[in-house]
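Participant: just need the structure, nothing else, for what follows:
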Amino acid sequence: IMYSAWQADIFRTAMHRTCGVAHGLYEKRVKVIQGNYEFVIINYDGVGIVADEIQKGGFDLIIVETSGIGQGSVAIVDHADVSLYVMTPEYGAATQLEKIDMLDFADVVALNKFDKRGAEDALRDIRKQWKRNHQNFEIKDEDIPVFPTIASQFNDPGLTWMFVNLCQALARKVGADQAK
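Facilitator: This is a model prediction of the structure:
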């Protein structure tokens, strides 16, 4: 299922690209990673299995998608130069924000479905929690890397602004690594 779903998505949006899905046994995953693919898709659980091979792969960009990472394990940050946490206004009561570990670790937070009822309150609460988590109470709300987005809306300015900031975070990281 993972293979056909991911390949269908890649083919639908980038028909001229080659795509490999690294799943299954270790040897099969390594073969895909070492293959001549422009896109290699691997689930988060598989990253730990072949992390060394991925690092040797010479990839320009690695995107790891996870689900349910907000509460619990934040091990993904060990594999990421830059992390983006996507959440929705339906996270529950404001006290639930204290349990979302990724608000501590994410470089950029996208509050998606900002067109939903209660989204503005959620944005306010998330920014307050970000300030508490980072012990930075002087920062202006608009300078906090939490961006309201509506991914289902074509040309959404919030999504564009979030993407710009994600690229800037990546450029800062790449620049810092190149300076070493």
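Participant: what about Ala22, neighbour count?
Facilitator: 26 (other C-beta atoms under 10 Å). All C-beta atoms are positioned from the backbone trio N, CA, C, and that covers glycine.
Participant: that one against Ile33, yeah?
Facilitator: Yes: counting by C-beta atoms under 8 Å, Ala22 does reach Ile33; the two are 5.6 Å apart.
Participant: ok, now which ones touch Asp156?
Facilitator: Residues near Asp156 by C-beta atoms under 8 Å, 6 or more residues apart in numbering: Thr149, Ile150.
Participant: need the pLDDT of it.
Facilitator: Looking at Asp156, its pLDDT is 93.
Participant: need the residues touching each of Ala22 and Ile33.
Facilitator: Shared contacts of Ala22 and Ile33 (C-beta under 8 Å, 6+ apart): Val40, Ile42, Val50.
Participant: out of those, which is most surrounded?
Facilitator: Highest neighbour count within the shared contacts of Ala22 and Ile33, by other C-beta under 10 Å: Ile42, with 23 neighbours.
Participant: and the pLDDT for the residue lying closest to it once chain neighbours are set aside?
Facilitator: Using C-beta to C-beta, 6 or more residues apart in numbering and skipping residues adjacent in sequence, the residue nearest Ile42 is Ala22, 4.2 Å away. pLDDT recorded at Ala22 is 84.
Participant: spit out the contact partners of Ala22.
Facilitator: Applying C-beta under 8 Å, 6+ apart, we find Ala22 in contact with Lys28, Arg29, Val32, Ile33, Val40, Ile41, Ile42, Gly46, Val50.
Participant: ok, 6 Å please
Facilitator: With contacts defined as C-beta atoms under 6 Å, 6 or more residues apart in numbering, Ala22 is in contact with Arg29, Val32, Ile33, Val40, Ile42.
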